[in-house]
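# Mind folding the following:
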Amino acid sequence: MFHFFDMISSKKSLLIWAYAIGCFDLISALLFSMVSLKTICDHLSWLTIFAAVFGLFWITMIVMLLVGIHGRHPRCVRAWIIFSCVGIMVEMCLVLYAVFNESTFQMGLIKNGLLLMLWSAFFCTSFSGST
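You can find the predicted model right below:
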């Protein structure tokens with residue numbers, strides 16, 4: 001039905017999806033970096049400095065992904081996959097920390113956390129044997 005979503009028939013569509021993931025992740029990292037740099041201007045603390053440094057590191061990891069895709073370097077892509085899996089796990093720990101420290105129950109936070117955990121499990125297991 002949708003030939004664009006059929007990744008088995010064409011290696012080119014897999015390449016397009018890889019670039020799309022990299023570009024959307026880069027947009028996300030740039031937005032995070034801009035917000036963290038704005039937060040540094042408003043309120044300087046060790047946490048805002050850490051967020052800004054992490055945002056810059058995140059951008060370099062995505063650039064490594066895009067270079068790895070373009071140059072067919074599986075080590076760069078593998079490093080990005082490991083970074084993403086670890087990042088999702090750290091984010092889940094932060095979400096659980098926020099849930100257990102929050103005095104009121106927030107269903108949206110739980111739904112987002114569960115979706116991230118399921119995506120992380122799928123992401124880590126689907127790429128574990130491919131390289």
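# Val77 contacts Val67, doesn't it?
No: using C-beta atoms under 8 Å, Val77 is not in contact with Val67, being 9.4 Å away. C-beta here means a position set from N, CA and C on the backbone, and glycine is covered the same way.
# Look at these two and report which has more neighbours.
Remark: of Val77 and Val67, Val77 carries more neighbours, 21 against 14, as counted by other C-beta atoms under 10 Å.
# Output the below-cut-off pLDDT ranges for the chain.
1-11, 95, 98-99, 102-113, 116-117, 119-131 (pLDDT under 70).
# Residues touching stretch 55-70, excluding its own?
Defining contact as C-beta atoms under 8 Å, 6 or more residues apart in numbering, one finds that stretch 55-70 is touched by 15, 18-19, 22, 25-26, 29-30, 32-33, 36-37, 73-77, 79-80, 83, 87.
# returning to that earlier point: between Val77 and Val67, which contacts overlap?
Common neighbours of Val77 and Val67 (C-beta under 8 Å, 6+ apart) do not exist.
# one step back: filter the contacts of stretch 55-70 down to the buried ones.
18, 22, 25-26, 29, 32-33, 36, 76-77, 80, 83 (16 or more other C-beta atoms under 10 Å).
# which pair in those residues spans the largest distance?
Pairwise distances across the buried ones among the contacts of stretch 55-70 peak at 26.6 Å for Ala18 and Ser36 (criterion: C-beta to C-beta).
# returning to that earlier point: return the subset of the contacts of stretch 55-70 lying in helices.
If you go by DSSP state H, these have 15, 18-19, 22, 25-26, 29-30, 32-33, 36-37, 74-77, 79-80, 83, 87 in helices.
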